[in-house]
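Undergrad: just the structure for this:
(one chain, ligands or ions: 2)
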Amino acid sequence: MKAVHFGAGNIGRGFIGLLLHQSGYEVAFVDVNDTLVSLLQTKRQYTVKLANEQADTFLVDQVTAIDGKNIALVAETIAEADLVTTAVGVSVLKHIAAAISKGIELRLAGSREPLHFIACENALGGSTTLKHLVYEHLSPETQTLADRLVAFPDAAVDRIVPLQQNEDPLLVTVEPFYEWTIDRSAVLPGHQEIAGVHYVDQLEPYIERKLFTVNTGHCCAAYHGYLKGYTTIQEAMKDPSIVAEVRGALQESGAALIQTYQFDEAAHSQYIEQILERFINPYLVDEIVRIGRSPIRKLSPQDRLVRPASLANQCGITVTHLTNAMAAALHFDYADDPEAVELQETIKKHGIHRTIAEYTGLSGQSPLHARAAEQYQQLGQWVRHGKE
Ligand SMILES: NC(=O)C1=CN([C@@H]2O[C@H](COP(=O)(O)OP(=O)(O)OC[C@H]3O[C@@H](n4cnc5c(N)ncnc54)[C@H](O)[C@@H]3O)[C@@H](O)[C@H]2O)C=CC1
Ligand SMILES: O=P(O)(O)OC[C@H]1O[C@](O)(CO)[C@@H](O)[C@@H]1O
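TA: Ligands and ions are numbered 1, 2, ... in the order given. Here you go, the predicted structure:
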């Protein structure tokens with residue numbers, strides 16, 4: 001079986017590529033990083049190392065790579081594939097949509113075999129977003145045919161894969177835990193299930209639980225850790241005041257998730273504790289600026305801070321930690337992150353209230369907006385007064 005995977009980065013090689021390989025797929029990675037592409041083409045294999053005491057390793061072979069700029073070759077490879085996956089970042093999906101649409105046109109011209117596209121990104125409805133972007137490039141006739149033969153099941157992916165600092169540029173170190181959940185209701189007949197994947201009839205509770213626990217907690221630790229001058233999540237999670245913020249935020253999002261999706265309370269508490277353990281894995285070094293990257297995306301209405309805060313607020317739950325994490329995110333002034341730079345410029349130019357309204361979608365009337373603005377000022381004073 002042949003799979004095409006867009007994005008030969010950390011999740012691409014360390015999670016999706018590994019599981020596809022273990023399921024019997026030969027994986028062709030599509031990437032725009034020339035070094036990665038050429039290394040994969042030459043070596044045809046790479047190693048995944050687990051961040052555990054034994055440092056278990058897995059060899060992923062029978063792989064190759066395609067230059068993402070070679071649209072004709074990407075399209076031809078898609079036309080021949082049994083499965084297509086992505087892990088490029090949700091904001092990059094628009095850049096791969098044209099090549100995918102060409103691949104679908106070629107495929108439909110020569111085959112009636114169904115084809116699945118699964119976006120493995122940190123976002124609600126990632127594959128659905130990809131579908132809309134791809135359909136913009138297809139004629140109405142091709143869209144009608146694609147509706148029958150091409151599917152875009154949404155998915156949730158959970159595995160912490162930090163930035164890599166290995167001598168071997170293809171080696172990727174990953175945490176032992178993983179969870180890949182796919183919406184079975186969008187899968188076409190004939191799809192061969194991927195080993196290790198959890199197929200569910202309704203994805204929403206799973207993806208919201210994952211995003212609003214793992215991702216919410218992680219970015220909360222990152223933004224507070226950044227303000228306190230820590231470099232890694234592991235350092236930040238040694239600070240009891242940061243752990244209290246993270247736990248508080250996860251109790252707020254957890255209460256909202258339990259009310260919304262009727263999760264078992266005790267099981268959800270255990271889920272939170274397991275995630276806190278994952279954050280402090282001593283065999284990983286995970287940089288705060290990676291977890292905090294793209295603060296505008298992370299402050300957007302459907303993402304890991306505003307959406308659980310809004311859900312909690314609607315459920316009548318008092319929200320203070322999630323708004324404090326938003327406030328800390330608004331202070332994330334990391335100069336190498338273009339979104340952080342834009343955020344700080346907007347605050348300088350238009351003030352905090354307009355910035356909050358613009359990026360979070362929380363209007364000036366929202367109590368969450370008011371609290372985040374107040375906490376932003378308090379954190380600012382704390383920073384200015386030497387962090388006593
Ligand atoms: N690293 C992690 O712990 C997790 C990441 N994710 C999600 O997985 C996705 C990928 O994240 P990472 O692997 O960490 O990022 P990464 O930066 O390591 O990998 C992304 C790869 O996509 C490639 N790329 C960029 N533009 C492209 C294009 N136009 N065509 C083809 N390839 C392109 C990059 O060159 C890079 O190799 C993101 O959506 C992230 O939110 C989800 C769960 C965990
Ligand atoms: O990839 P994002 O959405 O920028 O989030 C930062 C990282 O933190 C995590 O949420 C948890 O590890 C990863 O899934 C993710 O790579």
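Undergrad: from now on I want contacts and neighbour counts done on CA atoms only, so please keep to that.
TA: Will do.
Undergrad: so the residue in the stretch 51-200 of the chain that ligand 2 sits nearest to: helix, strand or coil?
TA: Per Cα to the nearest ligand atom, I160 is where the stretch 51-200 of the chain lies closest to ligand 2, at 4.0 Å. Following DSSP: H, G, I helix; E, B strand; the rest coil, I160 is assigned to coil.
Undergrad: retrieve the pLDDT associated with it.
TA: We have a pLDDT of 96 for I160.
Undergrad: grab the nearest non-local neighbour of it.
TA: Here the nearest residue to I160 in space, its sequence neighbours aside, is E175; by Cα to Cα, 6 or more residues apart in numbering that works out to 5.7 Å.
Undergrad: which residues in this protein form strands?
TA: For the chain, the strands defined by DSSP state E cover 2-6, 26-31, 45-50, 57-61, 63-67, 83-86, 115-119, 150-151, 155-158, 172-174, 179-183, 197-200.
Undergrad: so which residues on this structure come close to ligand 2?
TA: The chain has residues N122, I160, V214, N215, H218, I291, R293 near ligand 2, with proximity defined as Cα under 6 Å from any ligand atom.
Undergrad: recalculate using a threshold of 8 Å.
TA: 89, 121-123, 157-162, 211, 214-216, 218-219, 279, 290-294, 298 (Cα under 8 Å from any ligand atom).
Undergrad: can you narrow those down to the ones near ligand 1?
TA: G89, E121, N122, A123, V157, D158, R159, I160, V161, P162.
Undergrad: V243: which of these is nearest?
TA: I160 (18.3 Å; Cα to Cα).
Undergrad: tell me the contacts of that closest one?
TA: Residues near I160 by Cα atoms under 8 Å, 6 or more residues apart in numbering: V174, E175, F177.
Undergrad: and V187, by the same measure?
TA: H116, A151, F152, P153.
Undergrad: ok, what's across the strand from the first one?
TA: Going by DSSP bridges, H116 is paired in beta bridges with A151.
Undergrad: for the most centrally placed residue in the chain, give me the pLDDT.
TA: Centroid-nearest residue in the chain: N122, 2.2 Å away (criterion: Cα atoms, centre = their mean). In this model, N122 is scored at 94, pLDDT.
Undergrad: ok, now how distant is it from E342?
TA: According to Cα to Cα, to the nearest Å, N122 stands 21 Å off from E342.
Undergrad: what do you get for K2?
TA: K2 is 41 Å from E342, by Cα to Cα.
Undergrad: cool, E136 as well?
TA: 29 Å.
Undergrad: got it, and Y359?
TA: 11 Å.
Undergrad: how about Q377?
TA: Counting by Cα to Cα, the gap from Q377 to E342 is 19 Å.
Undergrad: circling back to that earlier point, spit out the contact partners of the residue nearest to I160.
TA: Neighbours of E175 in contact, by Cα under 8 Å, 6+ apart: L50, A51, N52, R159, I160, V161, R278, N281, L284.
Undergrad: one more time with 7 Å
TA: L50, A51, R159, I160, V161 (Cα atoms under 7 Å, 6 or more residues apart in numbering).
Undergrad: what of A99?
TA: I71, V74, A75.
Undergrad: and it, what's its pLDDT?
TA: Among the per-residue scores, A99 shows a pLDDT of 98.
Undergrad: next: the one 4 residues further on.
TA: We have a pLDDT of 98 for G103.
Undergrad: check Q314 too.
TA: At Q314, pLDDT is 97.
Undergrad: how about low-confidence regions in this structure?
TA: 387-388 (pLDDT under 70).
Undergrad: what parts of it come near ligand 1?
TA: Residues of the chain lying near ligand 1 (Cα under 8 Å from any ligand atom): 6-13, 30-33, 36, 67-69, 86-93, 95-96, 120-123, 157-163.
Undergrad: filter those down to the buried ones and hand me the PyMOL line.
TA: Only the buried entries of the residues of the chain next to ligand 1 go into this PyMOL selection, using 16 or more other Cα atoms under 10 Å:
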select buried, resi 6+7+8+9+10+11+12+13+30+31+36+67+68+86+87+88+90+93+96+120+121+122+123+157+158+159+160+161+162+163
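Undergrad: quick one: residues contacting V172.
TA: N10, G14, T47, V48, K49, Q164.
Undergrad: next one: M326
TA: L299, L305, A372.
Undergrad: excluding covalently adjacent residues, which one is nearest to the first one?
TA: When the adjacent residues along the chain are set aside, L299 lies closest to T360, with 5.5 Å between them (Cα to Cα, 6+ apart).
Undergrad: what about the one you found, neighbour count?
TA: Using other Cα atoms under 10 Å, T360 has 22 other residues around it.
Undergrad: okay but A155 is in contact with I182, surely?
TA: Yes - A155 lies in contact with I182 (Cα atoms under 7 Å); the separation is 4.4 Å.
Undergrad: could you pull up the residues touching the nearest residue to T181 once chain neighbours are set aside?
TA: Distances taken as Cα to Cα, 6+ apart place H198 nearest to T181, at 4.6 Å, with adjacent residues excluded. With contact set as Cα under 7 Å, 6+ apart, H198 has these partners: W180, T181, I182.
Undergrad: neighbours of the second one, how many?
TA: Think T181. Counted with other Cα under 10 Å, the neighbours of T181 add up to 20.
Undergrad: so it bridges to which residues?
TA: A156, H198.
Undergrad: quick one: contacts for it?
TA: By Cα under 7 Å, 6+ apart, the residues touching T181 are A155, A156, V157, V197, H198, Y199, V200.
Undergrad: please enumerate the helices of the stretch 251-388 of the chain.
TA: Using DSSP state H, counting those that start in this stretch, the helices of the stretch 251-388 of the chain run over 265-279, 288-291, 295-298, 306-314, 321-330, 338-360, 367-384.
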